[in-house]
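Colleague: what follows is a protein structure lacking sequence information:
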C-alpha cells in the first residue's frame, strides 16, 4: 500500500473525511489505465542515431551498422555556424553545377538543431529485394 | 573526451587486427604534431576571420561528443569495426 492510500484510509478511520470523499480521493491517486505507447521512450531521451544497412552486392552479403551520438550531431550542427559565407557560396555554386540547386546559406543552425532535437521521433525503414535500410534513434 | 578507441580489421587470408588505442596517451606522444595543428588552426581562423574562442569551443564540443560512436562495416569476409569510448 502506498503512502497516499494509507493517509486517505487513516483520515477515513479518524472520521476526518466521509466514505464518499475517501472513494473519490482513492480513485484520484490510483494509477489509471496505462496510456497508449507508455512503453515508448520519453521524447527527447534518444542518445544515439542508428543506421543499419544489410545488402547483397555481387552475391556477397554486406552489413553497415553505424551508431552516432546525438550530441555529436548537435555539436556538428553548431560547428556549421562557423563555416564562412564565402565557402557556402562556393559550395552552392558547385552543387548547382552538378544539378543540385540547393542554397546552403538558407540553412540556419537553430533550425538544424530543431531538426536534431526531433530525431528521436524518426524511424526510416526501406526494404528492397537486395537491401534493407533502417534509421532510428535509441 | 574519448578515452579509448577500439579498431578491429578482418581480412580474408590475414590475421584479424585488433587495436586498443588510449587516446590521451597517443595525444601526449603526438603533442608536437598537435601543437602544429593548433597553430595551423589559429592561422586558418585569422585568414577566414573566425572568432578563435567560438571555433575552438565548437571543435572541442565535437571531440567531447565522440564517445559512444560506433562504425561497423562488413562486406563478405572483410570487416572493419571502430568503437570510440
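Modeller: Cool, got the structure. Because the structure is a prediction, the values reported are computed rather than measured.
Colleague: mind listing the helices for chain B?
Modeller: Using DSSP state H, the helices found in chain B span residues B:23-29, B:31-47, B:52-64.
Colleague: and these as JSON lines, adding mean neighbour count?
Modeller: C-beta coordinates here come from the backbone N, C-alpha and C atoms, glycine included. As requested, the helices of chain B are exported to JSON lines (neighbours: other CB atoms under 10 Å in any protein chain shown):
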{"stretch": "helix B:23-29", "mean neighbour count": "12"}
{"stretch": "helix B:31-47", "mean neighbour count": "11"}
{"stretch": "helix B:52-64", "mean neighbour count": "14"}
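Colleague: beyond the helix or strand harbouring residue A:93, next helix or strand please.
Modeller: Using DSSP states H and E, residue A:93 falls within helix A:85-97. Elements were assigned by DSSP H and E; along the chain past helix A:85-97, the next helix or strand is helix A:109-117.
Colleague: mind listing what's buried along that following helix?
Modeller: Within helix A:109-117, the residues scored as buried using 16 or more other CB atoms under 10 Å in any protein chain shown are A:112-113, A:116.
Colleague: which one of these is nearest chain B?
Modeller: residue A:116 (11.5 Å; CB to the nearest CB).
Colleague: residue 67: neighbour count?
Modeller: The chain I'm using is chain A. Taking other CB atoms under 10 Å in any protein chain shown as the criterion, the count of residues near residue A:67 is 18.
Colleague: not quite, go with chain B.
Modeller: Neighbour count of residue B:67, defined by other CB under 10 Å: 18.
Colleague: got the contact list for the closest residue in space to it that isn't next to it in sequence?
Modeller: Leaving aside its sequence neighbours, residue B:67 sits nearest to residue B:2 (CB to CB, 6 or more residues apart in numbering or on different chains; 5.3 Å). Contact analysis of residue B:2 by CB atoms under 8 Å, 6 or more residues apart in numbering or on different chains lists B:23, B:63, B:66-67, B:84-85.
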